[in-house]
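S.K.: below are the sequence and a predicted model for it; my questions follow.
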Amino acid sequence: MKKIWAILTTTMMSVFVSALALAQEHGAAATAGGDESGALKPALAIAAGLAIGIAAAGGALGQGRAAQAALDGIARNPGAAPKVMTPMIIALALIESLVIYALVIAFLLQGKI
């Protein structure tokens, strides 16, 4: 598991470092009278894709863990099912709202392309 996290961290850092390099190149092109939006479009497309992908993965993991904890509690004490279900549904709705916010941000980023 540590190896997977190390690979994921290395990959994400390389993406962020390359974005910084593109930003520096973009600044140099803007001072030379080049097109300002040309170098930014690929970075916006990548950012929109990463935003929705990471949000969907995080939301799915969060919802899975919330459902698992609720079902474990109900399995141990079936009489507490009504008291467990309502907070679980509220928690799932709040987790899903964060994913919807990421979708809105991805659409806003796509609108700038």
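M.R.: The structure has been received and is ready for your questions.
S.K.: next SSE downstream of the top helix by length along the chain?
M.R.: Assignment by DSSP state H gives helix 40-76 as the longest helix of the chain. Of the helices and strands lying after helix 40-76 in sequence (DSSP states H and E), the nearest is helix 81-111.
S.K.: for that following helix, packing partners?
M.R.: Counting contacts by 3 or more CB pairs under 8 Å, 6 or more residues apart in numbering; DSSP states H and E, helix 81-111 packs against helix 40-76. The C-beta positions use only the backbone N, C-alpha and C, and glycine is treated the same way.
S.K.: could you check the angle helix 81-111 makes with the helix it packs on?
M.R.: If you take axes from the mean of the first three to the mean of the last three CA atoms, to 10 degrees, helix 40-76 sits at 170 degrees to helix 81-111.
S.K.: what about helix 40-76, average pLDDT?
M.R.: The average of the pLDDT scores along helix 40-76 is 89.
S.K.: and that helix, how far out from the chain's middle?
M.R.: Here helix 40-76 shows a centroid-to-chain-centroid distance of 7 Å under the convention CA atoms, centre = their mean, to the nearest Å.
S.K.: show me what contacts residue 106?
M.R.: The contact partners of residue 106, by CB atoms under 8 Å, 6 or more residues apart in numbering, come to 48-49, 51-52.
S.K.: if we go to 10 Å?
M.R.: Neighbour list for residue 106: 44, 47-53, 55 [criterion: CB atoms under 10 Å, 6 or more residues apart in numbering].
S.K.: and those residues, which are buried?
M.R.: Among the contacts of residue 106, those buried by neighbour count (16 or more other CB atoms under 10 Å) are 44, 47-48, 51-52, 55.
S.K.: can you list the domain ranges for the protein.
M.R.: 1-36, 37-113 (automatic domain parsing).
S.K.: just name the most buried of those.
M.R.: Each of the domains of the chain was scored by mean neighbour count; the highest is domain 37-113, a mean of 14, by mean count of other CB atoms under 10 Å.
S.K.: pick out the most distant pair among the buried ones among the contacts of residue 106.
M.R.: Farthest-apart pair in those is 44 and 55; separation 16.3 Å (CB to CB).
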